[in-house]
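Peer 1: what shape does this take:
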Amino acid sequence: MTNHQTKSWIINAMVAALYIVLSLLVGILNLASGAIQFRISEGLNHLVVFNKKYIWGITAGVLLFNAFGPGNSIPNVIFGTGQTLLALLIVGYVSPRLPKMWQKMALNTVLFTVSMCLVALELKLTLNLPFWWTYFTTAVSELIIMTITAPIMYYLDRFVHFNQRIEN
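Peer 2: Numbering: from 1, shown residues only. Sure thing, here's the model as predicted:
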């Protein structure tokens, strides 16, 4: 394994850890799982528009939080992690073809919002919550968080240089 590969693994481990910590902070207010989810950590999903190598750190963070955090369950791991991985893979594939960063972040926001149907389905199957209402509440929650965090991640990139961090 080269130093570059090692650095990429370490950065992704740090992203996963940050995702878990941010989710736990919101979890204290009982807003990290259920029909209304305001996971600030979802803002880390925007890292994929800077470099698709972040997919693994974000996905690992979601998987670990869904497995061991509040509301943990096997269906939560499968549906929640699956929703994240699916959206990240699509964004990772499509966003390099978009010329402007705002377009990439808008695509990411829309895909994550729409894909909350998988989380709503999981909540319907496990908690018998009404699908359409749960889809509405989880999608709106995701839309709010992704919209608020997009400009934050954009401006953070000016100082942190997300692509360079994982590439160099």
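
Peer 1: from here on, contacts and neighbour counts on C-alpha atoms
Peer 2: Fine.

Peer 1: do a quick rundown of the helices in the chain.
Peer 2: For the chain, the helices defined by DSSP state H cover 3-27, 47-50, 55-68, 74-94, 101-114, 116-127, 131-160, 162-167.

Peer 1: pLDDT score for the closest residue to Ala120 other than its chain neighbours?
Peer 2: Among residues not flanking Ala120 along the chain, Tyr135 sits closest, at 4.8 Å (C-alpha to C-alpha, 6 or more residues apart in numbering). Here, the pLDDT recorded for Tyr135 equals 96.

Peer 1: so what's Tyr135 up against?
Peer 2: When contacts are counted by C-alpha atoms under 8 Å, 6 or more residues apart in numbering, Tyr135 touches 35, 116-117, 119-121.

Peer 1: can you pull the phi/psi pair for Leu129?
Peer 2: phi -80, psi 150 (degrees, to the nearest 10).

Peer 1: that one: how many residues sit nearby?
Peer 2: Using other C-alpha atoms under 10 Å, Leu129 has 17 other residues around it.

Peer 1: check contacts around it.
Peer 2: Leu129 touches Leu123, counting by C-alpha under 8 Å, 6+ apart.

Peer 1: going forward, count from 18.
Peer 2: Yes, from this point I'll number from 18; that puts the last item at Leu146.

Peer 1: and it, how far from Ala137?
Peer 2: Distance from Leu146 to Ala137, counting by C-alpha to C-alpha, to the nearest Å: 8 Å.

Peer 1: same check, this time on Leu39
Peer 2: For Leu39, the distance to Ala137 (C-alpha to C-alpha) stands at 22 Å.

Peer 1: what about the two, which has more around it?
Peer 2: Ala137 (26 against 17).

Peer 1: from Tyr110, how far out is that one?
Peer 2: Distance of Ala137 to Tyr110, given as C-alpha to C-alpha: 25 Å.
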